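# Sequence below, structure please.
(one chain, ligands or ions: 1)
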Amino acid sequence: MADTNKKATLSIGNESYDLPILSPTEGPDVVDVRKLYGQADVFTYDPGFTSTASCDSAITYIDGEEGILLHRGYPIDQLAEKSHFLEVCYLLLYGELPTAAQLEDFESRVTNHTMVHEQMHRFFTGFRRDAHPMAIMTGVVGAMSAFYHDSTDIHDPWHREVASIRLIAKMPTIAAMAYKYSIGQPFVYPRNDLDFAGNFLRMCFSVPAEDYQVNPILSRAMDRIFTLHADHEQNASTSTVRLASSSGANPFACIAAGIACLWGPAHGGANQAALESLKEIGTPDRIPEMLARAKDKDDPFRLMGFGHRVYKNFDPRAKVMKQSADEVLDLLGVENNPILAVAKEVEKQALADDYFVDRKLFPNVDFYSGIILEAMGFPTSMFTPIFAVSRTVGWVSQWKEMIEDPAMKIGRPRQLYTGPSQRDYVDVENR
Ligand code: SDX
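Numbering: from 1, shown residues only. Coordinates of the predicted model:
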């Protein structure tokens, strides 16, 4: 972050205050308001943080106007085509693409942490069978704090490293266990001879009654979905993880907080909601009715999978996902998937509609992902858990970056108070 000699001047009444301007590697300059309250006795006000940078970070950069997403400088479409999820995990965690030896060592460490403590199996029996897998993951990941005490000291670099690997490695196992529990099938242990995506598919879909062969096409599609969801700057769940971690809470509890935030339909829950709304639309002739509902301010219905706080152009992940949807459905022999046809027609009609064009509402990463995941055999309730499996590396990378920053402070926003001024207590008989 380059300190420039540029400055902003804020005038309040007869007073003027100079505020430093900091320049990033990419993107807009920022006005440093850290000293503003001390100088001018005023707060800045930005609910939803639409114009506020909460931190500096070197991990991911998004250009919303151009539809660009870079992980440590590498464009997401290149990573999706040429890399694979665990290599992207290494890149996000350590900042550089690994050498062959570094990659082999990293993949070995992740592979050898995929099992969970055997006693964690008992947590699942406490849940109803119809519990949402995100409820289970929030609980079980938080409970990891009670098992892995040898990796909870955030000030110990080795603890941070082990906790990072454990979280990345165990999330697919826990997500698969949540799925198996929900359908009454036995848990499937991970295998060390399978890659990350293939292991996850086998833990979800294999049964003791027969052998299971990982389909390389599905495994590649699964790996690509993991890559596309890995990190995304200071989105709501990542900001949740950063804020929780700023108090010094252990990483497992903080990642559980991130899972809880991701569950919301405005965020990671949108992939489940998007497919459900496409199914509700059902046929192309109902699209105008649904678009009208999405535009109706009196109707809470929103076109799920459309719009984004940052992207005011196509989400580059949606482009890759759309292409992947065509490939996977074609390779699976799912001819003319009616939901994909509806999705493409919704996109076409929305992008010809001034309401969506004027507000720059384009398909986001969640619009097409559900179509692929459903074609792969996942129920909609597993869509957000899959998002969480992937985003864990982003949460963990951002957590490490913050904890390792000597300037780290506890996050504690201020407010614009609109309640009553001080008043005296009135006894109940006088009210
Ligand atoms: C993710 O932050 C991230 O990076 C998130 C994410 C990641 O990788 O971490 O990219 C993952 O969460 C993607 C987004 C998934 N959510 C959805 O698809 C849910 C549907 N989208 C919306 O809820 C909405 O677009 C948000 C929440 C994504 C963004 O909301 P903003 O930036 O706060 O924008 P807004 O709600 O102020 O909307 C601006 C206008 C409003 O209309 P006006 O008041 O100007 O008339 O656009 C309208 C909104 O009503 N609008 C929509 C809409 N999204 C916004 N209208 C209909 N359908 C929609 N989907």
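
# only C-alpha atoms for contact and neighbour calcs from this point on.
OK.

# does A8 sit in a helix, a strand or a coil?
strand (DSSP: H, G, I helix; E, B strand; the rest coil).

# Could you do P208 as well?
Classified using three-state DSSP, P208 is coil.

# Need the pLDDT of it.
Per-residue confidence (pLDDT) for P208: 96.

# now swap in P288 and tell me
If you check P288, the pLDDT there is 94.

# Please report how far it lies from A350.
9 Å (CA to CA, to the nearest Å).

# Which strands or helices does the helix or strand that contains L243 pack on?
L243 belongs to helix 236-245 when assigned by DSSP states H and E. Counting contacts by 3 or more CA pairs under 8 Å, 6 or more residues apart in numbering; DSSP states H and E, helix 236-245 packs against helix 251-262, helix 383-403.

# Would you format those as a markdown table with mean neighbour count included?
As requested, the helices and strands packed on helix 236-245 are arranged in a markdown table below (neighbours: other CA atoms under 10 Å):
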| stretch | mean neighbour count |
| --- | --- |
| helix 251-262 | 26 |
| helix 383-403 | 25 |
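
# right, and these - which one's nearest E429?
Smallest distance to E429 across these (CA to CA): 44.4 Å, for helix 251-262.

# gap between the two ends of stretch 138-147?
15 Å.

# Could you report the neighbour count for H155?
11 (other CA atoms under 10 Å).

# need the contact list for the residue lying closest to it once chain neighbours are set aside.
Nearest-residue entry for H155: I403, 7.8 Å, with adjacent residues in sequence omitted and distances by CA to CA, 6 or more residues apart in numbering. Going by CA atoms under 8 Å, 6 or more residues apart in numbering, I403 touches I154, H155, S245, S246.

# go on, A244?
Shown in contact with A244 (CA under 8 Å, 6+ apart): C254, A257.

# Swap in 7 Å and give it another go.
Counting by CA atoms under 7 Å, 6 or more residues apart in numbering, A244 touches C254.

# now do S108
Contacts of S108 by CA under 7 Å, 6+ apart: none found.

# How much space separates the residue nearest the centre of the chain from R423?
Closest residue to the average C-alpha location of the chain: R391 at 4.6 Å, with CA atoms, centre = their mean. Distance from R391 to R423, counting by CA to CA: 47 Å.

# who in the stretch 151-300 of the chain is up against the ligand?
Contacts of the stretch 151-300 of the chain with the ligand, taken as CA under 6 Å from any ligand atom, map to H232, N235, A236, A266, H267, G268, A270, A294, K295.

# Redo those as CSV? Include pLDDT, secondary structure and distance to I386.
What follows is these, written out as CSV (pLDDT from 0 to 100; DSSP: H, G, I helix; E, B strand; the rest coil; distance: CA to CA, whole Å):
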residue, pLDDT, secondary structure, distance to I386
H232, 97, coil, 16
N235, 98, coil, 17
A236, 98, helix, 17
A266, 93, coil, 16
H267, 95, coil, 13
G268, 93, coil, 10
A270, 91, helix, 12
A294, 94, helix, 27
K295, 94, helix, 30
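
# Type out the ChimeraX command that picks the buried ones from the residues you listed.
To isolate the buried ones among those in ChimeraX, judged by 16 or more other CA atoms under 10 Å, type:
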select :232,236,266,267,268,270,294
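
# for the stretch 51-200 of the chain, which spans come out with low pLDDT?
Applying pLDDT under 70 to the stretch 51-200 of the chain flags no residue at all.

# residue ranges for the helices of the stretch 1-150 of the chain, please.
For the stretch 1-150 of the chain, the helices defined by DSSP state H, counting those that start in this stretch cover 36-40, 76-82, 85-94, 100-111, 121-125, 133-143.
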